[in-house]
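Q: Got a sequence here, can you model it:
(chains A, B, C and D)
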2 protein chains.
Amino acid sequence: MKDLKTLLENSELKITPQRLAILKELEKKGHASIEEVYENIKEIFPSISLATIYKNINALKEAGIICEVCSPYKNKYEINKGEHGHFICAKCGDIEDFELTDDMIKSIEDKYPNTKKDIYIYGICKKCKQD
Amino acid sequence: MKDLKTLLENSELKITPQRLAILKELEKKGHASIEEVYENIKEIFPSISLATIYKNINALKEAGIICEVCSPYKNKYEINKGEHGHFICAKCGDIEDFELTDDMIKSIEDKYPNTKKDIYIYGICKKCKQD
DNA sequence: TTCTGTGCAAATCTTTTGCATGGCA
DNA sequence: TGCCATGCAAAAGATTTGCACAGAA
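A: Purely as a prediction, here's the structure:
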């Protein structure tokens, strides 16, 4: 809770209950789409508008507090937490974070030096493989 | 040209000039968005409808002939050509293909065995870095 | 000839914008 | 108090659908 406030304090953005609620939701879920954020926040915060979610997601993205994770299914958002890998299920859209191993970083550094190593691997997750 | 026809012949989809034009465009550009495909095909094929592009892109995707490359900028499509890496510029949306090195494949295989190794790295391309 | 594909227009999402009001600093 | 943020409604964009006609097999 305190953490999320700090994120906003260190930015140009004002602290509002709506923004805290969005960040809280992303923290809880790890990754969530606009629609998911909206649906969940509406329960606690019935007056919130979808336009507010859009505006804030964009503002938070702009400010570097959150980032977008693209998938063929639906784009999601996560709180920025440095380099890591994403495994994205191409079927259900679920996203799983993973630590980059030294080997991965090295093999990619060879090819693309001085790049932020955000890596995305698309595949079918265990759950979807069973179906 | 012969190749593209064969792709359709081996699928459930009928061969039409529109579909061939879409595939030809993707082959030429490597990667293109719906809008780009539409704008370019319209020059040779003025009567084509945007809805036809959408329907066909979806049908071709469904048939596994093309695949979608997601980016924060704009989604693009490419002819399916087996495992490879994509370097995606998070600023201009340009996509550059690269061969996966054995090291890359190995380090990812360790983490996600038996997955198609389509890897996406987001960064800023040389062109955009200069600005 | 049959059945799928095309093109148009309308319908449906999705996302953005403008503006009056409310609320943080 | 001064401004930025919110919420509403409308606008703008993106994508899908329905249907009559055209064209591939």
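
Q: give me phi/psi at the residue nearest the centre of chain A?
A: Geometric centre of chain A, nearest residue: A:E78, 1.5 Å, by CA atoms, centre = their mean. According to degrees, to the nearest 10, the main-chain angles of A:E78 amount to phi -140, psi 160.

Q: do A:C125 as well
A: Dihedral angles (degrees, to the nearest 10) for A:C125: phi -80, psi 170.

Q: Nearest residue to it in space, ignoring adjacent ones along the chain?
A: Distance criterion CB to CB, 6 or more residues apart in numbering or on different chains; nearest residue to A:C125, sequence neighbours excluded, is A:C89 at 3.8 Å. Where you see a C-beta, it was placed from the backbone N, CA and C, and this is true even at glycine.

Q: Which other helices and strands does the least confident helix or strand in chain A by mean pLDDT contact?
A: Using mean pLDDT, DSSP states H and E, helix A:126-130 stands out as the lowest-scoring helix or strand of chain A, at a mean of 79. Under the contact definition 3 or more CB pairs under 8 Å, 6 or more residues apart in numbering or on different chains; DSSP states H and E, helix A:126-130 sits against no other helix or strand.

Q: quick one: it to chain centroid distance?
A: 23 Å (CA atoms, centre = their mean, to the nearest Å).

Q: What separation do you get for the residue of chain A positioned farthest from its centre and DNA strand D?
A: Most distant from the centre of chain A: A:D110, at 27.3 Å, with distances by CA atoms, centre = their mean. Per CB to the nearest atom of the strand, to the nearest Å, A:D110 is found 35 Å from DNA strand D.

Q: got it, and A:N75?
A: A:N75 is 11 Å from DNA strand D, by CB to the nearest atom of the strand.

Q: Please apply the same query to A:K106.
A: A:K106 is 37 Å from DNA strand D, by CB to the nearest atom of the strand.

Q: and what of A:C125?
A: The gap separating A:C125 from DNA strand D is 22 Å, by CB to the nearest atom of the strand.

Q: Which stretches in chain A count as strands?
A: A:66-69, A:76-79, A:85-89, A:95-98, A:118-123 (DSSP state E).

Q: mean pLDDT for those: which is lowest?
A: Among the strands of chain A, strand A:118-123 carries the lowest mean pLDDT, at a mean of 84.

Q: Pairing partners for the closest residue to A:E96 other than its chain neighbours in the sheet, please.
A: Excluding the flanking residues, the one nearest A:E96 by CB to CB, 6+ apart is A:F87, at 4.5 Å. Residues in a beta bridge with A:F87, per DSSP bridges, are A:E96, A:I121.

Q: How about the contacts made by A:F87?
A: Taking CB atoms under 8 Å, 6 or more residues apart in numbering or on different chains, we find A:F87 in contact with A:I95, A:E96, A:D97, A:F98, A:I121, A:G123, A:C125, B:Y112.

Q: same thing but at 10 Å, please
A: A:94-98, A:119-123, A:125, B:108, B:111-112, B:115 (CB atoms under 10 Å, 6 or more residues apart in numbering or on different chains).

Q: Pull out the buried residues from these.
A: Using 16 or more other CB atoms under 10 Å in any protein chain shown as the burial test, these include A:D94, A:I95, A:E96, A:I119, A:Y120, A:I121, A:Y122, A:G123, A:C125, B:I108, B:K111, B:T115 as buried.

Q: Helices of chain A, start to end?
A: A:2-9, A:17-29, A:34-44, A:50-62, A:102-111, A:126-130 (DSSP state H).

Q: winner for burial among those?
A: Counting by mean count of other CB atoms under 10 Å in any protein chain shown, helix A:17-29 has the highest mean neighbour count of these, with a mean of 18.

Q: For that one, name the packing helices and strands.
A: Judged by 3 or more CB pairs under 10 Å, 6 or more residues apart in numbering or on different chains; DSSP states H and E, helix A:17-29 is in contact with helix A:2-9, helix A:34-44, helix A:50-62, strand A:66-69, strand A:76-79.
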